[in-house]
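>>> output the structure for:
(chains A and B)
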Amino acid sequence: MTPLQIIFIIVAVITLFAAIKVVSSRNLVHAALWLILVLFGIAVFFVILSAGFFAAAQVVIYIGAIAILMIFTIMLTRRVARDSGAQHNSNWWAAAVLSLLLFTGLSWILSRWQGFQSTAQPMLESADPLRQLGEGLVAPGGYLIPFEVASILLVAALIGAITVAWERK
Amino acid sequence: MIPISWYLILAAALFSIGLFGVLSRKNAVAILMGVELMLNSVNINLIAFWRYLKPEVITGQAFAVIVIAVAAAEVAVGLALIISVYRRKNTIIAEDIDLLKL
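You can find the predicted model right below:
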């Protein structure tokens, strides 16, 4: 066991436990806080995978914006969130069976892939993934069109969110 | 070194947990949280494949950037819809939101 593997296992256990708490805790504010822990764990995985930009983006976008937005919504709908009734519908056991089936099926399919146990090549010293990503997102031969489509999507979502949530007097 | 299988199994487990949340939760905000878990597990897969298979080609990272942008847009619109429904129906329990039913 290398130290990296031990770190991976510890973070993975914390992340999975927090993920289970996200889908199972009765109090929605607690669920949102557990979600923040899951997102932090995923940021740690991005660091281990030497994708530092995504670790930063994870913290800024997911924890800083999305999780806070969710907590705001929970607070705004507090009467429902405080409801002490059941938080799961009557078909939750079917959902559990389906999720377990999906997990075993995915694991089975993945384990048949011959590259399943492959390890990473060390990154070249000269490699600069962040620069490559930045150039790839604005180069006409790279991912310029998807990038522009994503920006249009964000503007549309911004205007759509304002329009939908607008309170007409 | 960590074999890629660890990341893939972890992402599969996170995706399954998120799916369970989406299918079983009553509260619409909790359903959105499940969707977030699923999108994040996909991101782990994309970055892991980028790092382990072809770190010199940036496709995996570019794809992950698009996934993050789409997730942000989805959450913004979804939460706006939830607030709007809450104003109108005074509930965000998914089973009680049946405005489109005949």
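
>>> beyond the strand or helix carrying A:V44, next helix or strand please.
Using DSSP states H and E, the secondary-structure element containing A:V44 is helix A:28-48. Next along the chain after helix A:28-48, taking DSSP H and E as the criterion, comes helix A:52-57.

>>> dump the residue contacts of the closest residue to B:G78 other than its chain neighbours.
Among residues not flanking B:G78 along the chain, B:L32 sits closest, at 5.1 Å (CB to CB, 6 or more residues apart in numbering or on different chains). Yep, even glycine has a C-beta here, placed from its N, CA and C like the rest. Applying CB atoms under 8 Å, 6 or more residues apart in numbering or on different chains to B:L32 gives the contacts A:M70, B:V75, B:G78, B:L79, B:I82.

>>> give the PyMOL command for selecting the buried subset of those residues.
Of the contacts of B:L32, the buried ones can be selected in PyMOL as follows, counting by 16 or more other CB atoms under 10 Å in any protein chain shown:
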select buried, (chain A and resi 70) or (chain B and resi 75+78+79+82)
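
>>> quick one: average pLDDT of the longest helix that chain B contains?
Using DSSP state H, we find that the single longest helix of chain B is helix B:59-89. For helix B:59-89, mean pLDDT is 91.

>>> helices or strands up against it?
Contacts defined by 3 or more CB pairs under 8 Å, 6 or more residues apart in numbering or on different chains; DSSP states H and E place helix B:59-89 against helix A:52-57, helix A:68-76, helix A:129-138, helix A:144-165, helix B:28-52.

>>> could you dump the contacts of B:L32 to CSV with distance to A:N27?
Shown next, in CSV, are the contacts of B:L32 (distance: CB to CB, whole Å):
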residue, distance to A:N27
A:M70, 13
B:V75, 20
B:G78, 21
B:L79, 19
B:I82, 18
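
>>> how is chain A carved up into domains?
Annotated domains of chain A cover A:1-82, A:129-169 [automatic domain parsing].

>>> so which of those is nearest B:A94?
Closest to B:A94 of those is domain A:1-82 (CB to CB; 11.1 Å).

>>> most packed of the domains of chain A?
Of those, the one with the most neighbours on average (mean count of other CB atoms under 10 Å in any protein chain shown) is domain A:1-82, at a mean of 18.

>>> give me the distance between that one and the centre of its chain.
7 Å (CA atoms, centre = their mean, to the nearest Å).

>>> got it, and stretch A:87-104?
Centroid displacement of stretch A:87-104 relative to its chain, using CA atoms, centre = their mean, is 20 Å.

>>> and that stretch, what's its mean pLDDT?
Stretch A:87-104 comes out at a mean pLDDT of 90.

>>> endpoints of stretch A:126-145, how far apart?
28 Å (CA to CA, to the nearest Å).

>>> including mean pLDDT and distance to B:R88, could the helices and strands packed on helix B:59-89 go into CSV?
Formatted as CSV, those follow (pLDDT from 0 to 100; distance: least, CB to CB, whole Å):
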stretch, mean pLDDT, distance to B:R88
helix A:52-57, 92, 35
helix A:68-76, 90, 14
helix A:129-138, 88, 40
helix A:144-165, 92, 11
helix B:28-52, 93, 13
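
>>> in JSON lines: these, plus distance to A:I20.
Formatted as JSON lines, those follow (distance: least, CB to CB, whole Å):
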{"stretch": "helix A:52-57", "distance to A:I20": "23"}
{"stretch": "helix A:68-76", "distance to A:I20": "18"}
{"stretch": "helix A:129-138", "distance to A:I20": "32"}
{"stretch": "helix A:144-165", "distance to A:I20": "30"}
{"stretch": "helix B:28-52", "distance to A:I20": "10"}
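
>>> closest to A:A96 out of these?
helix B:28-52 (13.0 Å).
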